[in-house]
Every structure is written in structure tokens, then in C-alpha cells.
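1. turn this into a structure:
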Amino acid sequence: MITAGLAFAALAALLHVYIFTMESLTWTSPRTRAAFGTTPEEAETTKLLAFNQGFYNLFLGIVAGIGIAEFAMRHQAVGAALVFAGVGSMAAAAVVLVVSAPDKARAAVTQGIFPLISIVLLVIGLAT
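-> Predicted structure coming up:
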């Protein structure tokens, strides 16, 4: 279960690195604007906010990745703490998104499903 939980944590981390790329590097591109449903004007106006938000996503992915590496080095307590901090924050952000913008439920599920699965599998794996 722990291995599966870490695999889902890795998927969540990779997804959040991809989100970082969209928000911080390609925010005003047609493809990213289509993904987020923004006009060229909205994208330009919110460019700085998206840039900053993208780095939050990157840092969450990094925290989860370092936690996975700690597990690999057999530092289970440190690894668990970091993975739970990373994917827990990702899952919490997905909840905030769906509560604050119900029309973004699909995006919330997309960003929150891997972290949620990771949390469940890690809790089961660590409890046994």
C-alpha cells in the first residue's frame, strides 16, 4: 500500500509541476488560456497572480517529491511527514477550489484525486 500511495503522490507532484508550467510559464498562450477558460485580456491582467500561484504548485510538488525520496532512503517518518504535507495541501486546495467556485469542480477533481488516493493508501499502508 505504501508503494502505491507513493506512486500516486508522484503522479500528484508531476501534475502540480505541469500546473506550475501552465500558470508561471505559459499563462498567456492560447493553449493555456483555453485550459483555464480565460480571454487574452484576462490572462494578461492576471499574469502576475498566476505566476505566483504557479510557484505554490511547484513547491507542493517538490515537497511531495522530497518526501518520496526520503521514503526511498528509508527515512519513513520524515518521508511520510513531507508527503502528507505536500499531498494534503494539494487535496485541501482542491476542496477550496470546489467550495469557492463550484463551476470549477472538474478542475478540482483533476488536481485533487491523485493526492486523495495517495493519502488514503498511505494511511492504510502505514497503519498496518
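2. now the helices: where do they sit in this protein?
-> Listed in chain order, the helices of the chain (DSSP state H) span residues 2-20, 30-36, 40-45, 47-72, 76-100, 105-127.
3. just checking, Met90 touches His16?
-> Yes - in terms of C-beta atoms under 8 Å, Met90 counts as a neighbour of His16; the distance is 6.3 Å. In short, each C-beta sits where N, CA and C put it, glycine included.
4. pull up the overlap in contacts between those two.
-> Leu60, Ala64, Gln111 (C-beta atoms under 8 Å, 6 or more residues apart in numbering).
5. so which of these is the most crowded?
-> Among the shared contacts of Met90 and His16, Ala64 has the most neighbours (other C-beta atoms under 10 Å), with 32 neighbours.
6. and the closest residue to that one other than its chain neighbours, what is it in contact with?
-> With sequence-adjacent residues excluded and distances taken as C-beta to C-beta, 6 or more residues apart in numbering, Ala64 is closest to Gly86, at 3.2 Å. Counting by C-beta under 8 Å, 6+ apart, Gly86 makes contact with Ala9, Ala12, Ala13, Leu60, Gly61, Ile62, Val63, Ala64, Gly65, Gly67, Pro115.
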